[in-house]
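Student: show me the folded form of this:
(3 chains)
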Amino acid sequence: MNNPAFASALEAIVLNDVQKEAVAWDQGPQLVFAGAGTGKTRVLTAKIAFLIQDKKIYPNHIFAATFTNKAAREMRERVEAFIGIPCEGLWIGTFHSLCARILRKEAARMGYTSSFSIYDRDDQIRQVRKVLKEEELDEKSMPPRQVLHRISGLKSRCITPEEYDQAANNFLERQFSTVYTTYCKQLKKQNAMDFDDLLANTVYLFRSHADVLEAYRTYFHYVLVDEYQDTNIAQFKLVQRLVGNRGNIFVVGDDDQSIYGWRGAHIENILNFERRFPGTRVCKLEQNYRSTQLILDFANALISHNTNRSDKSLWTAAGGKDKCKLICYRDDRNEADGVARHIQELNKAGMSYGTMCVLFRTNAQSRVFEDVFRRAGIAYVLVGSVSFYERKEIKDCLAFLRLLVNPQDDICFERIMNVPARGLGDKAKEQLMLLALARKCSLLQALLAHDADAFTGRARKGFAQLRELFASALEFYRDAVAPDAMLEYVLKESGYLDMYESEGSEEAESRIENVNELLNTLAIWHEENSGKGLADFLEEISLVTDVDKWNRQDESVNLMTMHCAKGLEFETVFLVGLEDGLLPSQQNIDDPAKLEEERRLLYVGATRAMKKLFCSYVEQRFRFGSIMPMLPSRFLDDIPKSVYEFEQIDLYTTVAAFGQQPQAKTIPQKSRTVPGAGAAPKYEDYSQDDVHYRMGQYVVHKTYGQGRIVNLSGFGADLRLTVLFQDGSRKKLIARLAKLELA
DNA sequence: CTCCCGCTATTTTTT
DNA sequence: ATAGCGGGAG
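Tutor: As a prediction, the model looks like this:
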């Protein structure tokens, strides 16, 4: 180490000897096994800072892949705080967003334009359906989801349709090969990539363009990868190409926390790292700074039953007094009641709701907890689940915007062609398809190129309307009209909002609200990103997940899946639904490798806990519309009884104890819950960055002027305010973004 | 072509 | 239980 300033800064963040060694080593490839809570982020931050300050590498020459955008953002902030200068140039993000960035730049080389669409699952399913129809294959014998899963598997291993076709040697494989080939061809024709393409195409780009690879390889002086155990083969190939034989690579991971095998993650990447990168220096971080020894005993006992792992064992210097609890409840409703009771007890003892978290295997399990918490007046945040951007009405709006950016996108076109209904059904679509085929262009382009005479029957009028709509919208787009104004115009002209307004149902009402929220978000985004365009907005939202937006809140209990919880920590954790068939999941119960992944998932859940860990299972559970008997998870057999306290909760005592709690007056709503917005507020005001909003509060907005808060919904990052402004207008604002001042 | 009824699968996890 | 889909009627 030759920079004294850095050396003292390094002292300041307090690293143990192993961590220090990991940071300061500079002789080639490095693999750091970082168990749960062993200060992985700290090491990674210090490493990047070390490269910049001590090794004098410019931030823009560093390529750092993290698992979520949130992690990337935090890492960037920490590095900046550490070295004291901004690092905008640092290439840090998820593999997907980093690849998208490269591909937008090099799109022409790959036969795309830089405004290519990114297809999400929903778009992919639609595309697969379309292919199956074209190839006259039955959806029953080839379920789109399964087809997609196989396609994704191939792409994540960088197996091209040509390569697959050559290896296909029976009827079924040949049949599938046609589907795969057509699917890829169509995506390309539509100037679209799916999530897997972002990775695979970057690999292909480097594979087929030596000059491009050379340029990037020279550009990036160092490659770092976080959560390396969850990388897939495409990501490995990408890293391998970028690094070449220079050995300038640093990866951090924990094979015990590999939980994404089902989406192509290749645990061998980390287990075979040393073989792939000769001369690797391996460090093992085993000192845990998060949990009590009692929690680690539980976790270690569990994970030691896995065979496919590198040997290690977490320990901590911290003591602890609370033994882990295992509780058996009668049914799922009881379980939620019991958890709620524990939460309220802890809360009374001075622990804020935000320090607690309920973790489950499947999203569907959140329902009961939401119900019970709402009634008990416990504020909660549901992370994940159906995200805002996956809602039907939002996808419709976005489809329209995406079409303006990429008019080749037939999937988007078909989605909104007849929404609201304008008499354009399958027949009409066929007419248009023929025209598109003849001109070798997309559906939208075909529509724009023909006047009404080209169509017959009812389609005539419908297409004329649609054409008008797009012609003016495209003009707006070319003139760079503000995106929110543009969308607003479209929604009005197309009658999209009228469609829901005339419906009058509660559901339609909430859809309109959501659309308004999108308009708001769009307006705010536009205001904050004046240099950027619609295409940037679309990319941002397509690669952002719910966890990325999650912010720790003091006043709400967190609800999420165990997958979502990776990388997070909470003082108290409730692991619920530990039953055979749920965890481990029924579909993974017979495959030893998959079973190990399920065990790791439970391990990840348990190691989120800092002080208290409550585990529970039930005797019967409401599933698939009926009550099913359940047995405790087989994983619980792995754990010696001495490690936890067992308790059997009798139905009647639970109900009695819980019945004494004051019931909230609110009528339980059966309508869908907006993430984080459905909880009945327990307190009147919400704190957010030290700003307290409450009903009736007078506020000042930068553009709308003075107004009064007339409604509050959601929590934390999702806190929404309805403000009645002086000019009489009523706006729904996202508190986090609106930057209101208190009047 | 659209609407409505009844059938079906869905619940694994996500960039 | 429920959303989403296919099939049949209007």
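Student: DNA strand B contacts on the stretch 601-743 of chain A?
Tutor: Proximity of the stretch 601-743 of chain A to DNA strand B is confined to A:623-625 under the rule C-beta under 7 Å from any atom of the strand. For every residue, glycine as well, the C-beta is placed using N, CA and C.
Student: which one of those residues sits closest to A:Pro161?
Tutor: Nearest to A:Pro161, judged by C-beta to C-beta, of these is A:Phe624 at 37.0 Å.
Student: return the backbone torsion pair for that closest one.
Tutor: Phi and psi for A:Phe624, reported as degrees, to the nearest 10, are phi 50, psi 40.
Student: what of A:Ile249?
Tutor: Backbone dihedrals for A:Ile249, given as degrees, to the nearest 10, come out at phi -140, psi 140.
Student: which one (most neighbours) among the residues of the stretch 601-743 of chain A next to DNA strand B?
Tutor: A:Arg623 (15 neighbours; other C-beta atoms under 10 Å).
Student: what's across from that one in the sheet?
Tutor: Here A:Arg623 sits in beta bridges with A:Ser626, as judged by DSSP bridges.
Student: kindly state the pLDDT recorded for it?
Tutor: Per-residue confidence at A:Arg623 stands at 81 (pLDDT).
Student: ok, now A:Gly676?
Tutor: 32.
Student: same thing with the one 5 residues further on?
Tutor: Confidence at A:Pro681, expressed as pLDDT, is 29.
Student: what ranges in the stretch 251-400 of chain A fall below the confidence cut-off?
Tutor: Residues of the stretch 251-400 of chain A meeting the criterion pLDDT under 70: A:385-387.
Student: residue ranges in chain A under the pLDDT threshold?
Tutor: By pLDDT under 70, the weakly predicted segments of chain A are A:1-13, A:385-387, A:650-698, A:701-705, A:707-743.
Student: picking that back up, for the residues of the stretch 601-743 of chain A next to DNA strand B, which one is nearest A:Asp54?
Tutor: A:Arg623 (55.7 Å).
Student: any idea which of the residues of the stretch 601-743 of chain A next to DNA strand B is closest to DNA strand B?
Tutor: For DNA strand B, the nearest member of these is A:Phe624. The distance, counting by C-beta to the nearest atom of the strand, is 4.6 Å.
Student: A:Ala535 against A:Ser117, yeah?
Tutor: No: in this structure A:Ala535 lies outside contact range of A:Ser117 using C-beta atoms under 8 Å: 9.8 Å.
Student: kindly report the residues of the stretch 1-150 of chain A close to DNA strand B.
Tutor: Those residues of the stretch 1-150 of chain A that sit near DNA strand B, judged by C-beta under 7 Å from any atom of the strand, are A:67-68, A:94-97, A:120-121, A:143, A:145.
Student: measure A:Lys392 to DNA strand B for me?
Tutor: Remark: distance between A:Lys392 and DNA strand B (C-beta to the nearest atom of the strand, to the nearest Å) = 15 Å.
Student: show me what contacts that residue?
Tutor: Neighbour list for A:Lys392: A:Arg511 [criterion: C-beta atoms under 8 Å, 6 or more residues apart in numbering].
Student: with A:Met486 instead?
Tutor: Under the criterion of C-beta under 8 Å, 6+ apart, the contact partners of A:Met486 comprise A:401, A:404, A:473, A:476-477, A:534.
Student: point to the residue nearest the middle of chain A.
Tutor: The geometric centre of chain A, computed from its C-alpha atoms, lies nearest to A:Thr545 (C-alpha atoms, centre = their mean), at 2.9 Å.
Student: so which of the residues of the stretch 601-743 of chain A next to DNA strand B also contact DNA strand C?
Tutor: With the criterion set as C-beta under 7 Å from any atom of the strand, the members of these near DNA strand C are A:624-625.
Student: now whichever residue of the stretch 151-300 of chain A sits closest to DNA strand C: which helix or strand?
Tutor: Closest approach between the stretch 151-300 of chain A and DNA strand C, counting by C-beta to the nearest atom of the strand: A:Val179, at 16.4 Å. Take DSSP states H and E as the rule and A:Val179 turns out to sit in helix A:171-189.
Student: so A:Asp498 lies in a strand, does it not?
Tutor: No: A:Asp498 sits outside any strand when classified using DSSP: H, G, I helix; E, B strand; the rest coil, being helix.
Student: OK, contacts around the nearest residue to A:Gly28 once chain neighbours are set aside?
Tutor: Taking C-beta to C-beta, 6 or more residues apart in numbering as the measure, A:Gly28 lies nearest to A:Gly247, with 3.9 Å between them; neighbours along the chain are not counted. A:Gly247 makes contacts with A:28-29, A:277, A:279, as judged by C-beta under 8 Å, 6+ apart.
Student: nearest to DNA strand C, of the residues of the stretch 601-743 of chain A next to DNA strand B?
Tutor: A:Gly625 (2.7 Å).
Student: buried ones among the residues of the stretch 1-150 of chain A next to DNA strand B?
Tutor: Buried members of those, counted by 16 or more other C-beta atoms under 10 Å: A:67-68, A:94-97, A:120.
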